[in-house]
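> below are the sequence and a predicted model for it; my questions follow.
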Amino acid sequence: MLLRHFQKPAYSDGVIDLYPVWHSLAGEEPEFGDVYDYVITERGRTREIGRVEARLGESECLYYFGHVGYHIDPPWRGHHYAARACRLIAGVFRRAGFTSVVITCDPDNTASRRTCESLGCERERTVAVPARVRNRWEISAEKHRYIWDLRGGAPE
């Protein structure tokens, strides 16, 4: 996705910018609550290099999906952009009253585990995803659950 030049990022840390592209209310996808989806770009650029999503709900589904979702497209991996994007959206959660959030990843996703570790997350456990959740959402059979304590870290 190429963004229009006149758009301004919602968040920036001087290395990456986050542009809001989608917001759904809890009623549209009740399993996820309110959802804020952002395109990640390199600072001052308009080419999408990934996405980060803040999910403000609490449900069985989110137990396995987590409150935070992210991906970085292959050519831009290895620059810690996912962790930067997560730090930039921490304020979304804080303003909604969260003091901690869950991030999940597949056990074999080393890059995502490293992102969680760089954020200071604590691995809570590894869980088996029930068939009813896997079948509805097509996710992996097993997830690592990490808890990210939002009480410290970067200001809003």
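That came through, no problem.

> mind showing which ranges of this structure have poor pLDDT?
1-6, 25-30, 153-156 (pLDDT under 70).

> would you map the strands across it?
Assigned by DSSP state E, the strands in the chain fall at 11-12, 16-24, 35-42, 50-55, 68-72, 100-105, 122-128, 142-149.

> list the strands paired with the third one, with their directions.
Each strand paired with strand 35-42, and its direction, by DSSP bridges: strand 16-24 (antiparallel), strand 50-55 (antiparallel).

> in that strand, what's buried?
35-41 (16 or more other CB atoms under 10 Å). For the C-beta atoms, the positions are set from N, CA and C on the backbone; glycine is no exception.

> same check on the second one?
Applying a neighbour-count criterion of 16+ other CB under 10 Å, the buried positions in strand 16-24 are 16-19, 21.

> flag every buried residue along stretch 85-103.
Neighbour-count burial for stretch 85-103, counted by 16+ other CB under 10 Å, picks out 85-90, 92-94, 98, 101-103.

> which of those residues lies closest to residue 128?
Using CB to CB, residue 102 is the member of the buried residues of stretch 85-103 that lies nearest residue 128, at 16.0 Å.

> give me every residue that touches that closest one.
62-63, 66-68, 124, 145-148 (CB atoms under 8 Å, 6 or more residues apart in numbering).

> can you report how many residues lie near the residue lying closest to it once chain neighbours are set aside?
Using CB to CB, 6 or more residues apart in numbering and skipping residues adjacent in sequence, the residue nearest residue 102 is residue 66, 4.5 Å away. Neighbourhood size, residue 66 [other CB atoms under 10 Å]: 22.

> what's opposite residue 66 in the beta bridge?
residue 103.

> and the angle from the top helix by length along the chain to strand 68-72?
If you go by DSSP state H, the chain has its longest helix at helix 81-95. Orientation check (axes from the mean of the first three to the mean of the last three CA atoms, to 10 degrees): helix 81-95 against strand 68-72 gives 160 degrees.

> hey, C-alpha coordinates of helix 81-95 in PDB?
The C-alpha trace of helix 81-95 is given here as PDB (Å, rounded to 0.1, in the frame of the first residue of the first chain):
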ATOM      1  CA  TYR A  81      10.400  -2.200  13.500                       C
ATOM      2  CA  ALA A  82       7.800  -4.400  15.100                       C
ATOM      3  CA  ALA A  83       9.000  -3.600  18.600                       C
ATOM      4  CA  ARG A  84       9.100   0.100  17.700                       C
ATOM      5  CA  ALA A  85       5.600  -0.100  16.400                       C
ATOM      6  CA  CYS A  86       4.400  -1.800  19.600                       C
ATOM      7  CA  ARG A  87       6.000   0.900  21.700                       C
ATOM      8  CA  LEU A  88       4.300   3.600  19.600                       C
ATOM      9  CA  ILE A  89       0.800   2.100  20.200                       C
ATOM     10  CA  ALA A  90       1.300   1.400  23.900                       C
ATOM     11  CA  GLY A  91      -0.600   4.700  24.600                       C
ATOM     12  CA  VAL A  92      -3.700   3.400  22.900                       C
ATOM     13  CA  PHE A  93      -3.900   0.600  25.500                       C
ATOM     14  CA  ARG A  94      -3.000   2.900  28.400                       C
ATOM     15  CA  ARG A  95      -5.700   5.400  27.400                       C
END
